[in-house]
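Colleague: Build me a structure from this.
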Amino acid sequence: MNDVKTYANDLIEFFHQRYKLQNKPKVNFRNDATNGEEPLGRTAQYDPTNQTIAIFITGRHIKDCLRSLAHELVHHLQNERGDLDNCGPTELGYAQEDGHMREMEREAYEKGNMCFRDWEDRLKQLQETNYKVKTRKGDTKMSVKDWRLNELNEMLMEKWGYAPKAGSFLTETGGMASYDLSKTDYATGQLEKAPEELADLEEGEVEENELDTHAQGALSKQKALDEKEELEEQELRDTIKDVIKELSKN
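Modeller: Numbers count the residues shown, from 1 in each chain. As a prediction, this is how the structure comes out:
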């Protein structure tokens, strides 16, 4: 719950900066075991009267929940514009029979999905850049895969009663770094320039390929990393087994 709320707050702020909401809606995350077992159960809903969004999270991936949030944020935007005034109840079939509401749904799917994609890519770009800055300042550089395994290994060690080292992923608030949104182009979701952490670098201090100057460079690398996710998960399981084995000997 803490993770989804942290990401949700960041997504809402991103959406607000792009579309300039009059008021941010209240978001409720609901656990509903019965609904979660339904193949076509509810995922989210918006209440225009109270300006609240309900996200059903039982059995769902966080990313899927956040995509639903982006969709409902568009309905909130429509409500603030007055496009949902005098609309009847959203009963089954309204998106096929009511021309106006069908257009509202089309806009919600289009703007919601594109806003979510831009937000996700921006966040991944920031994480990639933040990782590179940390390794530049450290004594040892490692691949993103090794870094992920190392951080998850620290999480496992903490579960066994060992405190994480200073500066690790676990010491960051909420398990997630805090990013400055002021450098973002909200129309495209890309950073306007490198984060402030790089402002103190002297000319020529960073190797030519160490820091991408174009957002697509970071996104291409992230895509390649995503393709290796299954292999990384297996390596992580092997790492966990080895750690448990070593701890058991003690």
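Colleague: Quick one: the strands in the protein, in order.
Modeller: Assigned by DSSP state E, the strands in the chain fall at 26-30, 44-47, 52-56, 184-185, 190-191.
Colleague: Now do the buried residues in stretch 74-84.
Modeller: 74-80, 83-84 (16 or more other C-beta atoms under 10 Å). (Each C-beta comes from the backbone N, C-alpha and C, glycine too.)
Colleague: Same list, those, but as JSON lines with pLDDT and distance to residue 112 please.
Modeller: Below are the buried residues of stretch 74-84 laid out as JSON lines (pLDDT from 0 to 100; distance: C-beta to C-beta, whole Å):
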{"residue": "74", "pLDDT": "97", "distance to residue 112": "5"}
{"residue": "75", "pLDDT": "96", "distance to residue 112": "9"}
{"residue": "76", "pLDDT": "97", "distance to residue 112": "11"}
{"residue": "77", "pLDDT": "97", "distance to residue 112": "10"}
{"residue": "78", "pLDDT": "97", "distance to residue 112": "11"}
{"residue": "79", "pLDDT": "96", "distance to residue 112": "14"}
{"residue": "80", "pLDDT": "97", "distance to residue 112": "15"}
{"residue": "83", "pLDDT": "93", "distance to residue 112": "15"}
{"residue": "84", "pLDDT": "91", "distance to residue 112": "15"}
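Colleague: For residue 35, give me its contacts.
Modeller: 41-42, 56, 58 (C-beta atoms under 8 Å, 6 or more residues apart in numbering).
Colleague: Throw these into CSV and include neighbour count and pLDDT, thanks.
Modeller: What follows is these, written out as CSV (neighbours: other C-beta atoms under 10 Å; pLDDT from 0 to 100):
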residue, neighbour count, pLDDT
41, 14, 91
42, 14, 92
56, 20, 96
58, 14, 94
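Colleague: of those residues, closest to residue 98?
Modeller: Taking C-beta to C-beta as the measure, residue 98 lies nearest residue 42 of the contacts of residue 35, at 19.5 Å.
Colleague: Farthest-apart pair in the contacts of residue 35, please.
Modeller: 42 and 58 (10.4 Å).
Colleague: what touches both of these two?
Modeller: With C-beta under 8 Å, 6+ apart, residue 42 and residue 58 have common neighbours 32, 35.
Colleague: need the longest helix for the chain.
Modeller: helix 99-137 (DSSP state H).
Colleague: Show me what that helix is packed up against.
Modeller: helix 2-19, helix 62-81, helix 94-97, helix 144-159, strand 190-191, helix 215-227 (3 or more C-beta pairs under 8 Å, 6 or more residues apart in numbering; DSSP states H and E).
Colleague: Swap in 7 Å and give it another go.
Modeller: Contact here means 3 or more C-beta pairs under 7 Å, 6 or more residues apart in numbering; DSSP states H and E; on that basis helix 99-137 packs against helix 2-19, helix 62-81, helix 94-97, strand 190-191, helix 215-227.
Colleague: Quick one: mean pLDDT for the shortest one?
Modeller: Spelled out, it's strand 190-191. Rounded to a whole number, the mean pLDDT of strand 190-191 is 61.
Colleague: If you count neighbours, what's buried in stretch 61-71?
Modeller: 65-71.
Colleague: and residue 43, what is it in contact with?
Modeller: 56, 68 (C-beta atoms under 7 Å, 6 or more residues apart in numbering).
Colleague: Return the distance of it relative to residue 28.
Modeller: 14 Å (C-beta to C-beta, to the nearest Å).
Colleague: go on, residue 102?
Modeller: 27 Å.
Colleague: swap in residue 83?
Modeller: 23 Å.
Colleague: cool, residue 125 as well?
Modeller: To residue 28, residue 125 is 30 Å away according to C-beta to C-beta.
Colleague: Residue 86 too?
Modeller: Residue 86 is 26 Å from residue 28, by C-beta to C-beta.
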